[in-house]
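Chemist: Got a predicted model here, sequence first, then my questions.
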Amino acid sequence: MAESGYEFYLDKCLLPVTPSKLEVKFSNANHTMTLINEGEINVLKQAGLTDVEFTCEIPQVNYPSAVYKEGFRGADYFLDYFESLKSSRVPFQFIVCRRLPDSRKLFGTNLKVTLEDYKITEDAGNGFDLSVKIRLKQWRDYGTRTVNITVTASKPKAAVEPGRSLSASPAPSRAVSYTVVKGDCLWNIAKKFYGSGSKYSVIYNANQAVIGGNPNLIYPGQVLTIPAA
């Protein structure tokens, strides 16, 4: 990967040195079983969660090739940030922005994930710089179902209410305005208005003049247009 063409974000944190390798594993949860007279069959199930692994270099000094959006940060800042992502028990966005040398955009990666674990390696050959191996796992929002049981003189009857999303809101029937507050990201705003964070690109495409070239960088006080569903 060319460092100039890739940006890696863990939530709102830009990694200063682009990892040289990214592994994304898309799994299925299919189950293979053997029937007595039919041999093996494959029972198809819903896709499994995506796994992400990469190793990033964290400099201890300010190299010209490293990128810092808000000025140089030492390794302790990034290690504290990684630990807070792991221990907070709150999912966050993993975003990779890819561009050609002429600034044309390639496909992007935008996953809601949790930080499963990370491993720090210190190597005398790298001086005081650190190497951190990070493992992420996709997060899927889920809801609950309520079962109402009515007992009569004959037989009990059970009625299942439709599943409720934990955070979905009705999609707007016409374009509305929304003011960004602290802690917002396009994924969460899309989930609030459309019920699905994966529709963040709808909001981004309607507000590129306000947001700029990076959908991950929005700021409190920005007024966004939320297109109708």
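Modeler: Great, that's in hand.

Chemist: Give me the contacts around stretch 47-54.
Modeler: The contact list for stretch 47-54 (CB atoms under 8 Å, 6 or more residues apart in numbering) reads 8, 19, 21-29, 94, 111, 113, 133-140. Quick note: C-beta positions are derived from backbone N, CA and C, even for glycine.

Chemist: can you give me how far that stretch is from the chain middle?
Modeler: 11 Å (CA atoms, centre = their mean, to the nearest Å).

Chemist: For that stretch, measure first residue to last.
Modeler: End-to-end distance of stretch 47-54 (CA to CA, to the nearest Å): 22 Å.

Chemist: What subset of the contacts of stretch 47-54 is buried?
Modeler: Buried members of those, counted by 16 or more other CB atoms under 10 Å: Phe8, Pro19, Phe94, Leu111, Val113, Ile134, Arg135, Leu136, Lys137, Gln138, Trp139.

Chemist: can you give me the mean pLDDT across the longest strand seen in the chain?
Modeler: In the chain, with assignment by DSSP state E, the single longest strand is strand 109-122. Averaging pLDDT along strand 109-122 gives 93.

Chemist: by contact count, what packs against it?
Modeler: helix 75-87, strand 92-98, strand 130-138 (3 or more CB pairs under 8 Å, 6 or more residues apart in numbering; DSSP states H and E).

Chemist: coming back round to it: what's the farthest-apart pair in the buried ones among the contacts of stretch 47-54?
Modeler: Using CB to CB, these reach their maximum pairwise distance at Pro19 and Trp139, which is 20.8 Å.

Chemist: Kindly confirm my reading that Tyr204 forms part of a helix.
Modeler: Yes - note on Tyr204: a helix contains this position according to DSSP: H, G, I helix; E, B strand; the rest coil.

Chemist: what sits against it?
Modeler: Here Tyr204 is in contact with Leu186, Ile211, Pro215 (criterion: CB under 8 Å, 6+ apart).

Chemist: Now that we have those residues, can you turn them into TSV and tack on pLDDT, secondary structure and neighbour count?
Modeler: Shown next, in TSV, are the contacts of Tyr204 (pLDDT from 0 to 100; DSSP: H, G, I helix; E, B strand; the rest coil; neighbours: other CB atoms under 10 Å):
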residue	pLDDT	secondary structure	neighbour count
Leu186	89	helix	25
Ile211	87	helix	20
Pro215	83	coil	23
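
Chemist: Among these, find me the one that's closest to Glu122.
Modeler: Using CB to CB, Pro215 comes nearest to Glu122 of those, at 34.7 Å.

Chemist: in terms of contact, does that closest one touch Gly197 like I think?
Modeler: No - counting by CB atoms under 8 Å, Pro215 stays clear of Gly197, with 11.8 Å between them.

Chemist: Run through this protein and note the low-pLDDT ranges.
Modeler: Residue ranges of the chain with pLDDT under 70: 1-4, 144-145, 151-170.

Chemist: how about the helices of this structure, start to end?
Modeler: 75-87, 186-194, 200-206, 208-211 (DSSP state H).

Chemist: would you list those helices in TSV and tack on distance to Ile226?
Modeler: Converted to TSV, the helices of the chain look like this (distance: least, CB to CB, whole Å):
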stretch	distance to Ile226
helix 75-87	28
helix 186-194	5
helix 200-206	6
helix 208-211	12
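
Chemist: right, and these - which one's nearest Thr55?
Modeler: Nearest to Thr55 among the helices of the chain is helix 75-87 (12.6 Å), distances taken as CB to CB.
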